[in-house]
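Visitor: Give me the fold of what follows.
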Amino acid sequence: MHYHFIAIGGSAMHNLAIALHLKGETVTGSDDEIFNPSKERLSQYGLLPEEIGWNPKLINLKIDAIILGMHARIDNPELIKSKELKIPIFSYPEFIYEQTKNQLRVVIGGSHGKTSITSMILHVLTKQNIHHNYMVGAQLEGFDCMVKLSNDSKIAVIEGDEYLSSPIDRRPKFHLYKPNVAVISGIAWDHINVFPTFENYVEQFQIFAESINQGGSLIFCNEDVELNKMVSKNSFACELIPYETHHHQIENNSTYLISEKGEKYSVDVFGNHNLQNLKAAQLVCQKLGISSSRFYESISDFKGASKRMELVAKNNYSSFYKDFAHSPSKLKATTSALKNQFSERTLVACMELHTFSSLNIEFLKLYRNSMKDADVAFVYFNQETIKHKRLDNITEEDVFTSFATPNLKVYTSSKNLEQDLLSRNWKNCNLIMMSSGNFNGLDFQLLASKII
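Guide: A predicted model of the protein is given here:
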């Protein structure tokens, strides 16, 4: 088969392209911008487009199907040509469903934690030598490609994003997977450019739960207030399995799981949020026939997904972490986890307002007290990012007032933020840098070499 990717440079799209290439299919693609790591990885497999930009001449009847990325616009010339030639067009979630529709599909949804839960499940399945297909949104240690679509697997584990599927399919991605086993980790309003009200956002998770196949299961965090409200208001036909934070102890800056039998197991991940994720992964693995003892043995050396509480550097008295956290609930969970794990150390927490939601003046108010567990809190935003996203301007005072945290300092220059970090004494002090961006190109490894 010949598949052509319109917007091949996306995180999920380029991984799907590589997966199909490794499967032996013919893959071509195009994009108007491709950045690393996508660019390097596509080049490694000979899939990098020869020219950047859209070219309708690439579209012809030798192509069996088009896979359309969300980055493309509805007036994309390649998309128009594909429609004229009546070539089948799929969004990547549609395509993944088609590839896995005869397999047991586990779909992980939630406003936060879905990448970590998916990663934990994949880690355990791999260590238990259980053959499986998968799609996950972050790079994992030991995995070259974050999509696998073999024909002989009986299981598919899919990270279920609630964002839209493609420019011509405005349904959330996770509505298309029709899971046998589904997880919802929690509901906290996000993507306000697409879901303008909280009620509209919650409705997407209700539709996701209703899409579970007959005889299937919904594993949900009953510590999440909004999720509990949604579940209690509806009569879902599937089996309902609630979960809570895994029972644990913290000793000497290390976390130990406590099993139902009272046994202790050391793990590398920490924080209530991560231990909720771990419990969800354990329940999924039980559904897949993995016993608790085998799960604990396998999860003990799980390091986490890329940028999810990822350790950059450490010494005997200081640690530097980076995290993808950008929403209010994620900031709360990440700062709380680090403060509880290292209670005797000062916590310096830095976050970047980078997403469409976080740079919206109304949504900004939801960040109130979200960094209260940090001893020192820094917030950075770039005025150029606001202009690029065509949003109304916000000021440093707007940010300070919205966070309502006395120990907060606001920056519009990443250089000034870096200088303040370098001037600090890092003895018995931890640093967490949180963003879905990169603090305007701040080099974390270089910064770590100077302070750790």
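
Visitor: now the longest strand anywhere in the chain, how far from the centre of its chain.
Guide: Longest strand in the chain, counting residues (DSSP state E): strand 346-353. If you compare the mean C-alpha spot of strand 346-353 with that of the full chain, they lie 19 Å apart, counting by CA atoms, centre = their mean, to the nearest Å.

Visitor: Over to stretch 156-166?
Guide: Centroid separation for stretch 156-166 versus its chain: 10 Å, with CA atoms, centre = their mean.

Visitor: sorry, back to before: and the next element down the chain from the longest strand of the chain?
Guide: As assigned by DSSP states H and E, the chain's next helix or strand after strand 346-353 is strand 376-381.

Visitor: pLDDT score assigned to residue 144?
Guide: Reported pLDDT at residue 144 in the predicted model: 82.

Visitor: same question, residue 356
Guide: The model reports residue 356 with a pLDDT of 85.

Visitor: Could you do the one 5 residues further on as well?
Guide: The predicted local confidence for residue 361 comes out at a pLDDT of 90.

Visitor: Same question for stretch 254-262: list its buried residues.
Guide: The neighbour-count criterion (16 or more other CB atoms under 10 Å) identifies 255, 257 as the buried residues of stretch 254-262. C-beta: built from backbone N, CA, C; applies to glycine.

Visitor: Give me the sheet partners of the longest strand of the chain and which way each runs.
Guide: Sheet partners assigned to strand 346-353 using DSSP bridges are listed as strand 376-381 (parallel), strand 429-434 (parallel).

Visitor: Ok, which of those strands comes nearest residue 88?
Guide: Residue 88 sits nearest to strand 429-434 of all the strands paired with strand 346-353, at 40.7 Å, using CB to CB.

Visitor: which residues does residue 58 contact?
Guide: Residue 58 sits next to 4, 28, 30, 78 when contact means CB atoms under 8 Å, 6 or more residues apart in numbering.

Visitor: which outside residues touch the longest strand of the chain?
Guide: Under CB under 8 Å, 6+ apart, the answer for strand 346-353 is 325-326, 331, 334-335, 338-339, 359, 364, 371, 373-382, 399, 417, 421, 424, 428-437, 439.

Visitor: Residue 95 belongs to a helix, doesn't it?
Guide: Yes - read with DSSP: H, G, I helix; E, B strand; the rest coil, residue 95 is one of the residues of a helix.

Visitor: okay, now it: neighbour count?
Guide: Residue 95 sits with 21 neighbouring residues when counted by other CB atoms under 10 Å.

Visitor: swap in residue 413?
Guide: With other CB under 10 Å as criterion, residue 413 counts 12.

Visitor: For it, give its distance to residue 424.
Guide: Per CB to CB, to the nearest Å, residue 413 is found 17 Å from residue 424.

Visitor: pLDDT score for the most centrally placed residue in the chain?
Guide: By CA atoms, centre = their mean, the mean C-alpha position of the chain lies nearest to residue 115, the distance being 4.4 Å. According to the prediction, residue 115 has pLDDT 91.

Visitor: nearest to residue 267, of the strands paired with strand 346-353?
Guide: Across the strands paired with strand 346-353, the minimum distance to residue 267, taken as CB to CB, is reached by strand 429-434, at 18.8 Å.

Visitor: re the thing from before, need the contacts of residue 58 in JSON lines (columns: neighbour count).
Guide: What follows is these, written out as JSON lines (neighbours: other CB atoms under 10 Å):
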{"residue": "4", "neighbour count": "25"}
{"residue": "28", "neighbour count": "17"}
{"residue": "30", "neighbour count": "25"}
{"residue": "78", "neighbour count": "22"}
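
Visitor: and those residues, which two are the farthest apart?
Guide: Comparing every pair within these by CB to CB identifies 28 and 78 as the most remote, at 10.6 Å.

Visitor: Common neighbours of those two, please.
Guide: 4, 58.

Visitor: picking that back up, mind checking which of the strands paired with strand 346-353 is nearest residue 237?
Guide: Closest approach to residue 237 among the strands paired with strand 346-353 (CB to CB): strand 429-434, 38.6 Å.

Visitor: domains in the protein, as residue ranges please.
Guide: 2-87, 95-299, 310-451 (automatic domain parsing).

Visitor: Shouldn't residue 9 be within a helix?
Guide: No - following the definition three-state DSSP, residue 9 is coil and is not counted among the residues of a helix.

Visitor: Enumerate every residue touching it.
Guide: The contact partners of residue 9, taken as CB under 8 Å, 6+ apart, are 31, 33-35, 38-39, 42, 71.

Visitor: between those residues, which is closest to residue 291?
Guide: Ranking the contacts of residue 9 by separation from residue 291, with CB to CB as the measure, puts residue 38 on top at 38.5 Å.

Visitor: Hmm, that closest one is touching residue 11, no?
Guide: Yes - the pair residue 38 and residue 11 passes the contact test of CB atoms under 8 Å, sitting 6.9 Å apart.

Visitor: which of the two has more neighbours?
Guide: residue 38 (22 against 14).

Visitor: What separation is there between the more buried one and residue 4?
Guide: Between residue 38 and residue 4 the computed distance is 17 Å (CB to CB).

Visitor: cool, and residue 22?
Guide: Counting by CB to CB, the separation of residue 22 from residue 4 is 17 Å.

Visitor: Likewise for residue 215?
Guide: If you measure residue 215 against residue 4 using CB to CB, the figure is 37 Å.

Visitor: likewise residue 359?
Guide: 34 Å.

Visitor: picking up where we left off before, just the buried ones from the contacts of strand 346-353, in ChimeraX syntax?
Guide: Here is the ChimeraX command that selects only those of the contacts of strand 346-353 that count as buried (16+ other CB under 10 Å):
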select :325,326,331,334,335,338,339,359,364,371,373,374,376,377,378,379,380,381,382,399,417,421,429,430,431,432,433,434,435,436,437,439
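
Visitor: Now do the residue lying closest to residue 189 once chain neighbours are set aside: how many residues are near it, please.
Guide: Computed as CB to CB, 6 or more residues apart in numbering, the closest residue to residue 189 that is not its neighbour in sequence is residue 198, at 4.7 Å. Summarising burial for residue 198: neighbours were counted as other CB under 10 Å, giving 14.

Visitor: repeat for residue 79
Guide: Other residues near residue 79 come to 23 when the count uses other CB under 10 Å.

Visitor: can you tell me the helix or strand for it?
Guide: helix 77-84.

Visitor: How about residue 99?
Guide: Assigned by DSSP H and E, residue 99 belongs to helix 92-100.
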